[in-house]
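Student: When you get a sec, could you give me coordinates for this:
(one chain, ligands or ions: 2)
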Amino acid sequence: MKIGLYADPHYANREKSGERRFNKASLQKIKDAYAAFTAAGCELAVCLGDLADSDRPHEQELENLTLLSQTIHSFHIPTFCIMGNHDSFSYGAEEFYRVLGGCEPHDIHTPECDLIFLDACYFSNGARYARGDTDWRDTFLPDAAALGQRLAACGNKVYIFMHQNLDPEIPEVLRLSNAAEVIDIIEKSGKVRTVFQGHHHPGHRTVRNGIEYVSLPAMCEYDGAYEIIEL
Ligand SMILES: [Fe+2]
Ligand SMILES: [Fe+2]
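Tutor: Ligands and ions are numbered 1, 2, ... in the order given. Below you'll find the model as predicted:
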C-alpha cells in the first residue's frame, strides 16, 4: 500500500507567521505533493496535522479551509487529515471535517498491515481542545488502554499516525504527557513498526526498542517536505 504523507502546512491567507512559517506558500506545496502522490500511484494521502493556521476573522479561516478542501479533493486521492493543535485552535472537529468534506481518519486493516490513527488534541485532564482553547504544551491521548485493545485486534505489522510526538528524542514539551504509558503499550504489543508524527517542525527520526519514530519536517518551513511510503 503506497501512502503520501505530509505534515504541518499551516495554511493561512498571509505570507508568513513567526520566523519561518510560510503559510500561504503551503497551498502550492500541497499541490506539488499531491502531483507526486498521483504520479507514484498512492492509494491514500495522510496530513499529519496542522493543515491550517489561525486567521482573522473566522470567516477567513472557513474560506481557507474551503480552499484546502477544493485543492485536496481535486486530486481524487482519498485523504485523512489528523487534527493538529493549530487546526483545533481554529475549528471544532465537527466543523473541520464538515468543511473539509470528509478526510476524517479511521483505522485501516488489510491482510498485510494495519494503520492506526490517533488524536491527541486533548488536555491532560482528558478534556478535548476546543476552538480558541488549546495548549501546544499540553497534549494527551485519553483512554490509552483502548489503544491496547485496538492493537490486540491487529496483525503483526502496525503503523501509527498522529500529530503530536511520542518520539523519546523529541523535546518533552512537544510530547504527549502520557507518552511513557503509550510507548509502553505499543512496545508490549510487539506489533508496531513505525510511528509517523508531525508537530516537531525540524523533523526527526529515532529507532528505539525496535520501533521507528518518524517526524516529518513541516511543509510550511521546508520545500519538498512530503514523503511517499510503501507499507
Ligand atoms: Fe505545526
Ligand atoms: Fe502542532
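
Student: and the protein, which residues reach ligand 2?
Tutor: 50, 84, 85, 199 (C-beta under 5 Å from the ion). Any C-beta I mention is one placed from the backbone N, CA and C, and that applies to glycine too.

Student: can you pull the contacts of the spatially most central residue of the chain?
Tutor: Residue closest to the mean C-alpha point of the chain, counted by C-alpha atoms, centre = their mean, is residue 48 at 1.8 Å. Residue 48 makes contact with 5-8, 82, 84, 161-163, 196-199, 216, according to C-beta atoms under 8 Å, 6 or more residues apart in numbering.

Student: do residue 43 as well
Tutor: Counted by C-beta under 8 Å, 6+ apart, residue 43 has contacts 1, 2, 3, 77, 78.

Student: Give me the pLDDT for the residue nearest to the centre of the chain.
Tutor: With respect to pLDDT, residue 48 scores 99.

Student: Please apply the same query to residue 147.
Tutor: 98.

Student: Any idea what the nearest residue to residue 72 once chain neighbours are set aside is bridged to?
Tutor: Residue nearest to residue 72 in three dimensions, not counting chain neighbours: residue 79, with 5.3 Å by C-beta to C-beta, 6 or more residues apart in numbering. With DSSP bridges applied, residue 79 shows beta-bridge pairing to residue 45.

Student: Please report how far residue 79 lies from residue 98.
Tutor: 15 Å (C-beta to C-beta, to the nearest Å).

Student: Pick out whichever of the two has more residues nearby.
Tutor: residue 79 (24 against 14; other C-beta atoms under 10 Å).

Student: How about the contacts made by the more buried one?
Tutor: Residue 79 neighbours (C-beta under 8 Å, 6+ apart): 44, 45, 46, 47, 72, 73, 102, 103.
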